[in-house]
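> Fold the stuff below for me.
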Amino acid sequence: MNVKSMQPVSDDFKAMQQCKDARATKDQSRLASTRNILMLGKKLRTDEMDYLQRHDPHLHDQAISLSMERQAYEDALQHSRNKADANYYNTFKLMQIAGQLKHGGSEELLMRANAIQEAHREFVRSSKYASLRSEGYAPRKLR
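Presented below is the predicted three-dimensional model:
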């Protein structure tokens with residue numbers, strides 16, 4: 001056995017630790033990127049949701065909640081009778097979220113508000129919104 005060809009064991013441990021540190025940095029970077037997507041009000045892809053489920057269950061739960069609220073909002077917009085109705089509902093939802101600020105959780109509330117705004121922007125660019133009447137009836141009252 002040639003002693004000169006053997007590396008000290010500590011070098012192997014250093015290499016393993018560097019690899020582990022690199023993986024942790026990559027995970028933190030990906031989590032931060034995913035959190036930024038949510039902060040911008042964008043939808044997460046399936047692979048991003050799966051990643052969150054494995055690496056940050058709390059943020060995954062928040063993302064599910066945001067997705068469900070956004071879907072409910074989008075469904076409500078589809079039933080708007082006119083443009084004023086759709087815009088009124090947007091204002092109503094944002095005021096509802098703003099009213100919850102006194103209870104804390106401002107990051108999650110920002111995610112919610114941005115998701116509602118993003119969904120509204122997408123709706124305004126849609127052909128459904130373009131086909132709605134601009135004038136006419138007053139917005140319906142929400143329950």
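> all contacts plus neighbour counts: C-alpha atoms, from now on.
Noted.
> The residue most central in space within the chain: what's it in contact with?
With distances taken as C-alpha atoms, centre = their mean, Leu38 lies nearest the centre of the chain, 2.4 Å away. By C-alpha atoms under 8 Å, 6 or more residues apart in numbering, Leu38 lies in contact with 44, 63, 111, 115.
> Looking at the residues you listed, which is nearest Leu52?
Distances from Leu52 to those, taken as C-alpha to C-alpha, are shortest for Ala63 (8.7 Å).
> Could you check which helix or strand contains that closest one?
Element membership for Ala63, per DSSP states H and E: helix 57-78.
> ok, then the element right after the lowest-mean-pLDDT helix or strand in the chain?
Among the helices and strands of the chain, helix 9-39 carries the lowest confidence by mean pLDDT, DSSP states H and E, at a mean of 76. Heading C-terminal from helix 9-39, the first helix or strand you meet, by DSSP H and E, is helix 46-55.
> Could you name the helices and strands sitting against that next one?
Packing partners of helix 46-55 (3 or more C-alpha pairs under 8 Å, 6 or more residues apart in numbering; DSSP states H and E): helix 57-78.
> Please identify the buried residues of the helix it packs on?
59-60, 63, 66-67, 70, 73-74, 77 (16 or more other C-alpha atoms under 10 Å).
> Where does pLDDT dip in this protein?
For the chain, the stretches flagged by pLDDT under 70 are 1-22, 24, 135-143.
> Apply 90 and report the result again.
The chain contains residues with pLDDT under 90 at 1-30, 99-107, 134-143.
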